[in-house]
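Visitor: sequence and predicted structure, then a few things I'm wondering about:
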Amino acid sequence: MTDALLQVKNLSKRFGGIVATDDLSLDVRQGELHALIGPNGAGKTTLITQLTGQLTPDSGAVLFAGEDISSLPAYQRSQLGLARSFQITSLFLDMTALDNVALAVQAHAGHSFRFWAPARGEAELRDPARAALARVGLGERMNVRAAAMSHGEHRLIEIAMALAAKPRLLLLDEPMAGLGPEESARMVTLLRELKRDYAVLLVEHDMEAVFALADRITVLVYGRAIATGAPDAIRANEDVKRAYLGEQKAVTRHG
Amino acid sequence: MMKQSLLSVRGIAIAIMLLLLALLPVYSHATGNIFALTLFTRILIYALAAASLNLIMGFGGMMSFGHAAYLGIGGYAVGILAHEGIASGFVQWPVAIAVSALFALVIGALSLRTRGVYFIMITLAFAQMAYYIAAGMARYGGDDGLTIYKRSDFAGLINLSDKVQFYYLCFVLLLAAIYLIYRIVNSRFGMVVQGARSNEKRMQAIGFPTYRYQLTCFVIAGTLCGIAGALLANNTDFVSPAIMYWTRSGDLMVMVILGGMGSLFGPVFGAIVLLVLEELLSQFTEYWQIILGPMLLLIVLFARGGIDGMLGRRTHD
């Protein structure tokens, strides 16, 4: 397991009586797309937030490229190459798409105590931002204010911002949430291209997409990893079937 | 904003305003209307203070309700040194700048740990503290304030007692401050500060330690306002705790909102409109605030973006 880029070791997090993360261990290898699935409330986003450092786990450790990053603040983890896209779109709505992504570039271009030169004129910031936007297919739309763009485009800006941060690992939190079928297909194509260049930890509800894209899948239920393996193995796993079947019954009963 | 065509409505309005401000001493000299010169000197000083508040409030989203504290600190730095026999502007002004910066650093370091209404309250509390400290300084006039018998002395370089020279000093400092703010908000630093206004959590997630940038911005704004304070003390030959009172901080906020938050020249428009209206209305009735209040309310309610907003959309942000 020497090629593990991200290692999560026995991570636990409680909110009062609720166990959000329960002695969870997993790893993401170089060049791997590792998908994290599980019913609603399984603690997927909580896990991501602990990986990025916005939330502190009660116990356990997070290792990135062999280095223990458990006690680093969010911005330092980001600078090490951990980039996150948000489940709920979280952009700078009053700025253009290009400004949004350029800020993500700037975050990794040294300190920003530069008070004089116009940032919008710096090729060092603008060129990588334009490239990232072009890569997600928004090259034509980069001078539009984010507030005036569609939800699907916001999801793409999210990805572009993650790319612009020169990441080694992409943490994508439900990039397809709320997308229509056409936009979803576009996203799957994009993710397939991205996984060639980046290690990805993907949280996603769209099972079709997950099984099409993932090299390995971890199934989370009540904060606990009940299974990890290749897509075929997960599909055949009895515990997983039970967990998902149970969920469906519950849904039918309430619905 | 400066890059957009000068022929836009905003460009023309700003050009006319600056031209009129530049020519005001000529008008005053020709007509013998000293009052206009005095009024507009005060307006320029408040415009400088409002512009500095706009940097943190409009561009940075930091709603400081204690900005007048720096007017007082800059003013008292000049007043106290003058009282102790140090009249040289080359000493007074650097001290005013340094003390305002230091004060802003302390207030900012503590206040910026809070957000929203707590931030507003804690900045207000610090300013009120400064107010009561000044009121308690018996040696320097306490509640009654401190008369300054000699204006800052710049060794013949500029004579602050000359009304016209003083007016142009205020005008140049205001323009310099606006130009500085223009450079700052469009720089990398400015992008971080504006990003933090727009979505602070996201800024941290993409790798910015926002606190130190916001604090730096807070200190720059406090320092600029301290300079306005030094000017104000010279202008009135007097400094008293009243210039730090919370209503004065409120006036500065009104100027910024009225002129248009996050607009470079907005605070200048805001200061002109507020202070001229105040002057005109107070000639008609002593209850001028009853008229001014609803007028401001209407502008805030129906002209989002203030006066700047009425001049059309901005190209950036």
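Guide: Looks like it came in fine.

Visitor: remind me which helix or strand B:Tyr132 belongs to.
Guide: helix B:116-135 (DSSP states H and E).

Visitor: err, B:Val91, not the other one
Guide: helix B:89-111.

Visitor: that helix vs helix B:116-135, what angle?
Guide: Relative orientation of helix B:89-111 versus helix B:116-135 (axes from the mean of the first three to the mean of the last three C-alpha atoms, to 10 degrees): 140 degrees.

Visitor: how far off centre is helix B:89-111?
Guide: 15 Å (C-alpha atoms, centre = their mean, to the nearest Å).

Visitor: now do stretch A:49-58
Guide: Using C-alpha atoms, centre = their mean, the offset of stretch A:49-58 from its chain centre is 14 Å.

Visitor: so for that stretch, what gets flagged as buried?
Guide: Within stretch A:49-58, the residues scored as buried using 16 or more other C-beta atoms under 10 Å in any protein chain shown are A:49-53, A:55, A:57. (Each C-beta comes from the backbone N, C-alpha and C, glycine too.)

Visitor: reformat those as JSON lines; add secondary structure and distance to chain B.
Guide: What follows is the buried residues of stretch A:49-58, written out as JSON lines (DSSP: H, G, I helix; E, B strand; the rest coil; distance: C-beta to the nearest C-beta, whole Å):
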{"residue": "A:Thr49", "secondary structure": "helix", "distance to chain B": "10"}
{"residue": "A:Gln50", "secondary structure": "helix", "distance to chain B": "13"}
{"residue": "A:Leu51", "secondary structure": "helix", "distance to chain B": "12"}
{"residue": "A:Thr52", "secondary structure": "helix", "distance to chain B": "6"}
{"residue": "A:Gly53", "secondary structure": "coil", "distance to chain B": "9"}
{"residue": "A:Leu55", "secondary structure": "coil", "distance to chain B": "12"}
{"residue": "A:Pro57", "secondary structure": "coil", "distance to chain B": "17"}
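
Visitor: widest-spaced pair of these?
Guide: The span of those, defined through C-beta to C-beta, is set by A:Thr52 and A:Pro57 at 11.8 Å.

Visitor: quick one, phi psi at residue 8?
Guide: Using chain A here. phi -110, psi 120 (degrees, to the nearest 10).

Visitor: hmm, no, I was thinking of chain B.
Guide: phi -70, psi 160.

Visitor: got any ranges where the stretch 1-150 of chain A has weak pLDDT?
Guide: A:1-2 (pLDDT under 70).

Visitor: where do the helices sit along it?
Guide: For the stretch 1-150 of chain A, applying DSSP state H, counting those that start in this stretch gives helices covering A:44-52, A:74-80, A:97-106, A:123-135.

Visitor: distance of the closest residue to A:Val19 other than its chain neighbours from A:Ile18?
Guide: Nearest in space to A:Val19, with sequence neighbours left out and distances taken as C-beta to C-beta, 6 or more residues apart in numbering or on different chains, is A:Gly223 at 5.1 Å. Taking C-beta to C-beta, to the nearest Å as the measure, A:Gly223 falls 9 Å from A:Ile18.

Visitor: now do A:Ala212
Guide: Taking C-beta to C-beta, one finds A:Ala212 at 33 Å from A:Ile18.

Visitor: ok so, going back, and the helix holding B:Val91 with chain A, contact?
Guide: No. Under the criterion of C-beta under 8 Å from any C-beta of the partner chain, helix B:89-111 makes no contact with chain A; the nearest approach is 14.8 Å.

Visitor: list the buried residues in that helix.
Guide: Those would be B:89, B:92-93, B:95-97, B:99-101, B:103-105, B:107-108, B:111, for helix B:89-111 by 16+ other C-beta under 10 Å.

Visitor: returning to that earlier point: okay, A:Gly223 and A:Ile18: which has more neighbours?
Guide: The neighbour comparison of A:Gly223 against A:Ile18 (other C-beta atoms under 10 Å in any protein chain shown) goes to A:Gly223, with 23 against 12.

Visitor: in contact with the more buried one, which residues?
Guide: A:13, A:19-22, A:24, A:42-43, A:46 (C-beta atoms under 8 Å, 6 or more residues apart in numbering or on different chains).

Visitor: phi, psi of it?
Guide: Per-residue torsions, A:Gly223: phi 80, psi 0 (degrees, to the nearest 10).

Visitor: residues in contact with the closest residue to chain A within chain B?
Guide: Closest residue of chain B to chain A, C-beta to the nearest C-beta: B:Gly207 (3.6 Å). For B:Gly207, the contact set (C-beta under 8 Å, 6+ apart) comprises A:74-76, A:78-79, A:107-108, A:165.

Visitor: near chain A, which residues of chain B?
Guide: Counting by C-beta under 8 Å from any C-beta, chain B sits next to chain A at B:183-184, B:186-192, B:194-195, B:198-199, B:201-209, B:213, B:216, B:316-317.

Visitor: in PyMOL, how would I select the buried members of those?
Guide: Filtering the residues of chain B next to chain A down to the buried ones (16+ other C-beta under 10 Å) takes a single PyMOL command:
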select buried, chain B and resi 184+186+187+188+189+190+191+192+194+195+198+199+202+203+204+205+206+207+208+209+213+216+317
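
Visitor: show me the residues of chain B next to chain A that map onto helices.
Guide: B:183-184, B:186, B:188-192, B:194-195, B:198-199, B:201-205, B:213, B:216 (DSSP state H).

Visitor: what sits up against stretch B:52-59?
Guide: B:62-64, B:67, B:70, B:177, B:181, B:184-185, B:190, B:193-194, B:197, B:217-218, B:220-225, B:228, B:252-253, B:255-256, B:259-263, B:266-267.

Visitor: of the residues you listed, which belong to helices?
Guide: Mapping the contacts of stretch B:52-59 onto helices (DSSP H) picks out B:70, B:177, B:181, B:184-185, B:190, B:193-194, B:197, B:217-218, B:220-225, B:228, B:252-253, B:255-256, B:259, B:266-267.

Visitor: for the closest residue to chain B within the stretch 101-250 of chain A, give me the backbone phi and psi.
Guide: Going by C-beta to the nearest C-beta, chain B is nearest to A:Ala107 of the stretch 101-250 of chain A, at 3.7 Å. Backbone geometry at A:Ala107, expressed as degrees, to the nearest 10, gives phi -60, psi -20.

Visitor: could you do A:Gly229 as well?
Guide: Per degrees, to the nearest 10, the backbone of A:Gly229 is at phi 170, psi -180.

Visitor: nothing else from me, thank you.
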